[in-house]
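Novice: below are the sequence and a predicted model; questions follow.
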Amino acid sequence: MMAMLEMLLRLALWVLLAPLLPGIINRVKAWVAGRRGPPVLQLYYDLARLWQRGVVLSTLASPGFVVGPAVAWVAVLGAALLLPLGPAGSVFGFPGDVLLMIYLLALARFCTAWAAMETGSAFEGMGAAREVSYAVLTEAAIVAAVLSLSVQTGSVTLVTMLAPGTGAGAVLLAAGLFVVLLAENCRVPFDDPNTHLELTMIHEAMILDHSGPPLAVILHGAALKLLFFAVLLTEAVLPVGRLTSAAAAAVLVGGVLVVTVGVGLVESLLARLAFRRVPLLLTTAFLLCLFALLMAWKGGAA
Amino acid sequence: MTPGVLLLFAASALVAGIVAGPWSSRTWLGLTLMATTTALAAALAVLLGSADWNWSSTFPVGGEVLHFRLDGVSALFLVLLSVVGGAGAAYAHEYWSDAEYPNSALRGRAWWGGLVLSMAFVLLASNGLHFLIGWELFTVCAFFLITLDRQNREVRRAGWLYLAASHAGTVCLFAFFCTLAARTGSWELGPMREQSGLAPLFWLALAGFSVKAGVFPLHIWLPSAHANAPSHVSAILSGVAIKLGIYGLVRFSGWLPVPPAAGWVVLGLGAVSALFGIVFALAQNDLKRLLAYCSVENVGIILIGLGGALLGAAQGDARWGQLALAGALWHVWNHGAFKSLLFFGAGSVLHATGTREMSRLGGLWRTMPWTAGLFAIGAMAVASLPPLNGFISEWLVYLGLFEAAASRGATAWAALPVTIMLAMAGAVALATFTKAATVVFLGAPRTQAAETAHECGPFMRGTMLLMAAICCGVGLAPLLFWPAISRAMGDWHPAWANAAPPAALPVLGSVHLALAILMLAAGAWLWRKVHANGLRRRLTWDCGYAAPAARMQYSGGSFAGIAAGWFFWLLQPERTSRRPRGAMPGHASRIERIPETVLERVIVPVSNVVMRGSTAVRRLQHGRLQAYILYLVVGLIALGIFVLIGGSP
């Protein structure tokens, strides 16, 4: 019973807090540009409004167009629930849960790309193709990062794996995972969430034809994924699991805030990369994670 | 009833089916289904019961006494053969019917029975000579099934390539079994792990069985044979026939001692097959060729698991070896299930539209909703997405690799790069099957044929439903299947008998179940919400473009273009393009073809050189007697000189 209650509590926490992050990013961007910017809670208003709206479906779309985003949302939420939250641990951790987490994100990607291809529009095909192609490199980077944690702790369970090392390895891992976060969440310099040039986008190009509740689910899922990666990054670098509850909560919130503000700053200060340069940056992220892996390897031998 | 009685009954039903097949498709189907069901029962009795079935007669065949043995390993493969053999027969009853193929349907039924029978014979044979006889029979039966539609030139070429490549592999197997018989003094097969002198023979077996299994770069026969065979034949080729290559590797790496390097080589071959196979799959435009190359990838995953198991067994029976072996054996089943499902789906598309080219399809979900939905399940399973069966076996293989890496032993050096390659292969597989499923079934129909497609009938749909149910069932309740896997593991390596399931497996199963229920619930809820809010159907918005046409959709080639571009050094695409020129451009085109690189860039040039050399040498043989006498005289004089200057002949 308690486990059930705890699960629901975590669920509520993830679902309710996620839409805050895009608001913070937008606030940071506005602050750097000297504008007032939208309210931090803007995404909550948008979601509430979209949830009430009617839907225009393409004549070509199958039921997968609506079901796909729902399945993707459940998959991202499932991946988020697998993450341990500091000393509270995770609800159902088991050896190998880290692989389930990675593949749940892949399932979400499959469903989003499926829904994008429903409309027969070239823009959305382009977005879907980019999404699944760049994922090849990000997947390599994520697995290298996970391997480095696994080699360091000798474990394949998220709860025990996320007990990070210190020094150069942690810095490399943080840098690598931060680039992965930017790529997986389609932020600058990989994608520009604000642009109106459909030809240059990834995530936004995939959801051009979505409206109403399905669009709300997609937007919420994207925010959830951002929060998921921010928490993962924080826990992979800071020893959150070894702190007391209060300290851990403070560190987690602080870490997520730092990552979010970092994303906002990157977005304000950098331009989007040309598409042919994207693989280079992703390879760099992979190499960073690979060097973190080598550091973990050497650290254990010494 | 003992497995022996069941198997005897199954064999007689199959023979009766072969005899009755040409006259009545229904009788043949009934007999084949009866045979495969009883064979399945026999295999399950061994897998879930305890004792092996061992039977030898005094009755000699080819000078050797018949000896059959059904243990865990062969029963595991026999289960796969029975399921796909039965399902494929039901599919063929409708797909390759008498009405559509009056000539070849008769032959097809007889050869199908022969193929299932000879494959079962290979699995049961416990004598080297009989193994070879069964192997040859099965190769020949498969050849005649591949070339059922032999009026077509492409089909004949694919058949010959298959036959030639298979026999190149069989040469190695001849050498393997003959040397084995010479060293042990008997054709009898069985566990002989103590005779360490036999270890080098493993390399011969690896070469021979890898050709059949389609391991990169020995896979050259596989894409064209799978693409050109009728779809039920592609399903059994990919689901079962190439697995017999795996069976050979598993069987003889378990029974015979292996050289110390075996695990490393198998692991490396697996990683290369997995990544390169799926990269080739991504670049294909032919739906069935894409599926065929994906088989190369999955064989790679199985070999990664087997390589891990060999290393684990060599290094003190490490636990990660056990996990990797479980993943490999389980993936044999899982790949059999989802790949037959996908080939059945592709066959249904081919049947309805007459083309396998993805650039001519599109929007089929409207006319073929069952095929579209079931193909999507297969695509998710093959991309090893949770909560389906592909994830279970790939998860076990990953777990083995991760634990090997975390143990920091010598194996970790191999486990790290292999894990990263496997992850990349997984991501490319996702891209490949997103492309295959969405370009074929979603969007607008690209041609008239795709627009007027029709759903397949009850038999084809039923077999696809069965395969999809297996994919879901294994994913949602993996624990039910563990005893069978564990039984086979015990027969491969006695120290791993009665292995307990990994503690995480039941948890993973229940997480899968919960996820599946949640996903269905969320999907249904959103669907209802959308309808409650009011739903209008309009033209695709497409940023306001008012006249979208089907040919303006993103094509499969463009979809794969980004990732395939990173591998151009491997794919070596051939491009011919005519650019639009001038103010009023006329006809312009761009054609891209992905060659079978290993075959066209390596094997064909090398064999051309060999052919040219032999043609040149052939000029010496012309039938003029005087010249032959001259050769003799010159040869004698040369020998004489050789002896005179002090050489010893």
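Specialist: Structure's in. What do you need?
Novice: with adjacent residues omitted, what lies nearest to residue B:533?
Specialist: Spatially, and ignoring its direct neighbours in sequence, residue B:533 is nearest to residue A:54 (4.9 Å; CB to CB, 6 or more residues apart in numbering or on different chains). For glycine as for every other residue, the C-beta is placed from the backbone atoms N, C-alpha and C.
Novice: tell me if I'm right that the one you found and residue B:532 touch.
Specialist: No. Assessed by CB atoms under 8 Å, residue A:54 is found out of contact with residue B:532, at 9.6 Å.
Novice: name the helices or strands packed onto the helix ranked longest in chain A?
Specialist: Longest helix in chain A, counting residues (DSSP state H): helix A:122-153. Under the contact criterion of 3 or more CB pairs under 8 Å, 6 or more residues apart in numbering or on different chains; DSSP states H and E, helix A:122-153 touches helix A:97-117, helix A:158-161, helix A:168-184, helix A:203-206, helix A:278-301, helix B:389-406, helix B:412-441, helix B:556-566.
Novice: the third one vs chain B: in contact?
Specialist: The one in question is helix A:168-184. No. Helix A:168-184 stays clear of chain B (CB under 8 Å from any CB of the partner chain), getting no nearer than 12.0 Å.
Novice: could you say which helix or strand holds residue A:272?
Specialist: According to DSSP states H and E, residue A:272 maps onto no helix or strand at all.
Novice: next up, the contacts around residue 226.
Specialist: The chain I'm using is chain A. Residue A:226 sits next to A:18, A:21, A:22, A:181, A:185, A:260, A:263 when contact means CB atoms under 8 Å, 6 or more residues apart in numbering or on different chains.
Novice: actually, chain B is the one I wanted.
Specialist: Residue B:226 makes contact with B:234, B:237, B:238, B:288, B:289, B:291, B:292, B:295, B:343, according to CB under 8 Å, 6+ apart.
Novice: thought residue B:4 was touching residue B:55?
Specialist: Yes. If you go by CB under 8 Å, residue B:4 and residue B:55 touch, sitting 5.4 Å apart.
Novice: give me the contact list for stretch B:601-620.
Specialist: Stretch B:601-620 has contacts (CB under 8 Å, 6+ apart) with B:217, B:220, B:572, B:595, B:631.
Novice: can I get the CA coordinates of it in CSV?
Specialist: Listed next in CSV are the C-alpha coordinates belonging to stretch B:601-620 (Å, rounded to 0.1, in the frame of the first residue of the first chain):
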residue,chain,number,x,y,z
ARG,B,601,32.9,-5.5,-54.9
VAL,B,602,34.9,-8.4,-53.5
ILE,B,603,33.6,-11.8,-54.5
VAL,B,604,32.7,-11.1,-58.1
PRO,B,605,35.9,-9.3,-59.0
VAL,B,606,38.0,-12.1,-57.3
SER,B,607,36.1,-14.8,-59.1
ASN,B,608,36.4,-13.0,-62.4
VAL,B,609,40.2,-13.0,-62.0
VAL,B,610,40.0,-16.7,-61.2
MET,B,611,37.8,-17.3,-64.2
ARG,B,612,40.1,-15.4,-66.4
GLY,B,613,43.1,-17.4,-65.1
SER,B,614,41.4,-20.7,-65.7
THR,B,615,40.2,-19.7,-69.1
ALA,B,616,43.8,-18.9,-70.0
VAL,B,617,45.0,-22.2,-68.7
ARG,B,618,42.2,-24.0,-70.5
ARG,B,619,43.9,-23.1,-73.8
LEU,B,620,46.4,-25.8,-73.0
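Novice: just how off-centre is that stretch within its chain?
Specialist: On the basis of CA atoms, centre = their mean, to the nearest Å, stretch B:601-620 sits 32 Å off its chain's mean C-alpha point.
Novice: pLDDT weak spots in the stretch 1-150 of chain A?
Specialist: The stretch 1-150 of chain A contains no residues with pLDDT under 70.
Novice: quick one, which of residue A:54 and residue B:532 is more surrounded?
Specialist: The residue with more neighbours, out of residue A:54 and residue B:532, is residue A:54; 13 against 10, by other CB atoms under 10 Å in any protein chain shown.
Novice: closest one of the contacts of stretch B:601-620 to chain A?
Specialist: Nearest to chain A among the contacts of stretch B:601-620 is residue B:572, at 19.5 Å by CB to the nearest CB.
Novice: and that closest one, what pLDDT?
Specialist: With respect to pLDDT, residue B:572 has a value of 88.
Novice: for it, which non-adjacent residue is spatially closest?
Specialist: Nearest one to residue B:572, counting by CB to CB, 6+ apart, is residue B:597 at 5.3 Å.
Novice: from memory the one you found sits against residue B:574, does it?
Specialist: No. Contact criterion CB under 8 Å: residue B:597 and residue B:574 do not qualify, at 10.6 Å.
Novice: have a look at the two and say which one is more surrounded.
Specialist: For the pair residue B:597 and residue B:574, the greater number of neighbours falls to residue B:597 (18 against 11), based on other CB under 10 Å.
Novice: check contacts around that one.
Specialist: Listed by CB under 8 Å, 6+ apart, the contact set of residue B:597 reads B:280, B:570, B:571, B:572.
Novice: buried set for stretch B:83-92?
Specialist: Residues of stretch B:83-92 classed as buried: B:83, B:84, B:85, B:86, B:87, B:88, B:89, B:90, B:91, B:92 (neighbour count, 16 or more other CB atoms under 10 Å in any protein chain shown).
Novice: can you classify the first one by secondary structure?
Specialist: By that I understand residue B:83. helix (DSSP: H, G, I helix; E, B strand; the rest coil).
Novice: quick one: contacts for it?
Specialist: By CB under 8 Å, 6+ apart, the residues touching residue B:83 are B:36, B:40, B:336, B:337, B:470.
Novice: once you drop chain neighbours, what's closest to the first one?
Specialist: Nearest residue to residue B:36 in three dimensions, chain neighbours excluded: residue B:86, at 3.4 Å (CB to CB, 6+ apart).
Novice: where does the one you found fall, secondary structure wise?
Specialist: Going by DSSP H and E, residue B:86 is in helix B:72-95.
Novice: who are the packing partners of the following helix or strand past that helix?
Specialist: As assigned by DSSP H and E, the chain's next helix or strand after helix B:72-95 is helix B:104-124. Using 3+ CB pairs under 8 Å, 6+ apart as the contact test, the elements touching helix B:104-124 are helix B:3-20, helix B:25-48, strand B:64-70, helix B:72-95, helix B:128-146, helix B:242-255.
Novice: picking up where we left off before, let me know the pLDDT of the residue nearest to residue B:572.
Specialist: pLDDT recorded at residue B:597 is 87.
Novice: and the gap between it and chain A?
Specialist: As judged by CB to the nearest CB, to the nearest Å, residue B:597 and chain A stand 20 Å apart.
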